[in-house]
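> Kindly return the folded structure for what I paste below:
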Amino acid sequence: MQTPNGVAEIEAMFGNPANSDGTLNEAWEGANIRKVPPPDGWILYYQEDAKLTQVSGVRMHRLLADSFVAVLDDIWQHAAEQAGAGASNEKIRKWLHTRGMDQHGGGFNFRPITGGKRLSMHSYGIAIDWDPSHNPRKKPLTVRLPNWWFEIWAKHGWSDGRHFTTPDPMHVQFATGA
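Numbers count the residues shown, from 1 in each chain. Have a look, this model is predicted:
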């Protein structure tokens, strides 16, 4: 799947989540947003105000389910290599957890961009925030997630918020130019 560039391509691929009055189109949400579980072995947590709650998946656009699973498979493989030969699933999960790589701050969320009026990529279900407590949206750029993490997402067509005017390193999205 080719990564869309700009709002016109995003809406051509994923549809428009808004009604003409700017409210959420609930029919669009029902047709397109799914809770996508992680691959076998993974345990995911929702992170809110540094509190973690185990969750069964991330709500996102249905068209991104395979891409999301492929990214997490690649991250798991990298973590397995780092955790050591023959590492158990438990050891790999612990390795990921101590680095915040199993903690997300949300996927689909119908809202405008922070400090703006146009729709956030979260509104389309094509963005996920990872470990927000340790990868805050601010200057100067503060990032706990390693470069290889972002490189895996990029390999699968996702971009990240490290380059935004106000850096947002927690943020990955399946889009550019918006």
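
> residue contacts, the residue most central in space within the chain?
What sits nearest the mean C-alpha location of the chain, by CA atoms, centre = their mean, is Ile128, with 2.3 Å. Neighbouring residues of Ile128 by CB atoms under 8 Å, 6 or more residues apart in numbering: Val58, Met60, Phe68, His104, Gly106, Gly107, His171, Val172, Gln173. C-beta here means a position set from N, CA and C on the backbone, and glycine is covered the same way.

> Can you name the next helix or strand after the helix or strand harbouring it?
Element membership for Ile128, per DSSP states H and E: strand 127-130. Where DSSP H and E defines the elements, the next helix or strand beyond strand 127-130 is helix 147-155.

> by contact count, what packs against that next one?
If contacts are counted by 3 or more CB pairs under 8 Å, 6 or more residues apart in numbering; DSSP states H and E, helix 147-155 sits against helix 65-83, strand 159-161.

> ok, now with 10 Å
helix 65-83, strand 127-130, strand 159-161, strand 168-173 (3 or more CB pairs under 10 Å, 6 or more residues apart in numbering; DSSP states H and E).

> So which of these is nearest Leu96?
Across the helices and strands packed on helix 147-155, Leu96 has its closest neighbour in helix 65-83 (5.2 Å, CB to CB).

> how far is the closest one from where the chain is centred?
The chain centre lies 13 Å from the centre of helix 65-83; the measure is CA atoms, centre = their mean, to the nearest Å.

> Pull the helix or strand following it out as CSV, backbone CA atoms only.
The helix or strand immediately downstream of helix 65-83 is helix 89-98, counting by DSSP H and E. Written as CSV, here are the backbone C-alpha positions of helix 89-98 (Å, rounded to 0.1, in the frame of the first residue of the first chain):
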residue,chain,number,x,y,z
ASN,A,89,8.6,-14.6,24.9
GLU,A,90,8.6,-13.3,28.5
LYS,A,91,12.2,-12.0,28.3
ILE,A,92,11.3,-10.3,24.9
ARG,A,93,8.2,-8.7,26.5
LYS,A,94,10.3,-7.5,29.4
TRP,A,95,12.9,-6.0,27.1
LEU,A,96,10.2,-4.2,25.1
HIS,A,97,8.4,-3.0,28.3
THR,A,98,11.5,-1.5,30.0
